[in-house]
Structure formats: structure tokens, C-alpha cells
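Asks: Next comes the sequence, and after it the predicted model I'd like to discuss.
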Amino acid sequence: MTNAMYAAASLYNDPRFLSKSEVRIRANRARRQRIFKMQLSATIVLVTLVLFTVIFMCSSFYSGAQSDKYQPEFKYYTSITVHSGDTLWSIANDNFAKDHYKDLNSYIMEICKLNKMDTDSVLNAGESLIIPYYSTEYK
């Protein structure tokens, strides 16, 4: 039975088109369509979960990888004696580690913070300063 015939039969309540077998066929077709939609929805959800799991697992495996040549560096502090003619900039430039500071100014700021002084402070010969440095040796 076509949709137009079924609509006409239900509109006019014509018994010729509303036999028990026609009603049963319509109900079975509607049930099969519901089952198909549920199976399609379940398949989409399952595929989405599998993809998410695969992407999550792959990203977690790669995130902690280190090179075979990687050597950890440890941060230490040492005390140095200021000599005549030394400036904060020259001391920082001699001990600056490019890998651990974004620029020389950030290293100088850390030295000033450790020694409780300003960046424009005058250094006197014989004075001691604490400076940070990095080493691969564990002490």
C-alpha cells in the first residue's frame, strides 16, 4: 500500500484499505525502521568511542617520550666573589644558561631576587653574590 492510499484510508476510515494484514505490515515496517535507527545510533556512538580511545592512547604514548641522549640538568646555587670591574651584567653573561632562561634579563632578575638587590645596584669588589647554575651531575 502506498503512503497516499494509507493516508486516504485512515482519513476516511475506509475498511477496504485497513485490513489486519495491512495494519500489521505497516506496524512491522515502522518497527524495523526504529530498530535500524537504534542500531545506526549505537554504531555511531561505538565508532566515536573507539576513535576517541585510539586518539587518546596515541597522544598519551607520545607525550612523555624523551630522547635517548637526554640528560637531566639540576639547578644549583653557588656563591661567587665580585672582583674589581665586575658588573651584574658581566657576571650574568658569564654564567647564563640559554636553555633555562628566556633571556639574559630574566637571569639577572633571578640573581637580584636571590641577593635582595636592584638591577641598578653597584657591586663592590670582595662582595659575595649567590647565583644559580645548572649541571648534569647530581650532587
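Replies: Cool, got the structure. Numbering: from 1, shown residues only.

Asks: biggest helix in the protein, by residue count?
Replies: helix 20-63 (DSSP state H).

Asks: Return the distance of the helix or strand following that one from the chain's centre.
Replies: On the C-terminal side of helix 20-63, the closest following helix or strand by DSSP states H and E is strand 74-81. Distance of strand 74-81 from its chain centroid, counting by Cα atoms, centre = their mean, to the nearest Å, is 34 Å.

Asks: in its sheet, what does strand 74-81 sit against?
Replies: Strand 74-81 has the following strand partners under DSSP bridges: strand 128-135 (antiparallel).

Asks: CA atoms of the partner strand as CSV?
Replies: In CSV, the C-alpha atoms belonging to strand 128-135 read as follows (Å, rounded to 0.1, in the frame of the first residue of the first chain):
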residue,chain,number,x,y,z
SER,A,128,79.7,37.8,47.6
LEU,A,129,76.8,37.0,45.3
ILE,A,130,74.6,33.9,45.1
ILE,A,131,74.0,32.8,41.5
PRO,A,132,72.1,29.9,40.1
TYR,A,133,73.7,27.4,37.7
TYR,A,134,72.8,24.1,36.0
SER,A,135,74.7,20.9,35.9
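
Asks: Quickly list the domain ranges of this protein.
Replies: Following automatic domain parsing, one finds the domains of the chain at 3-63, 74-135.
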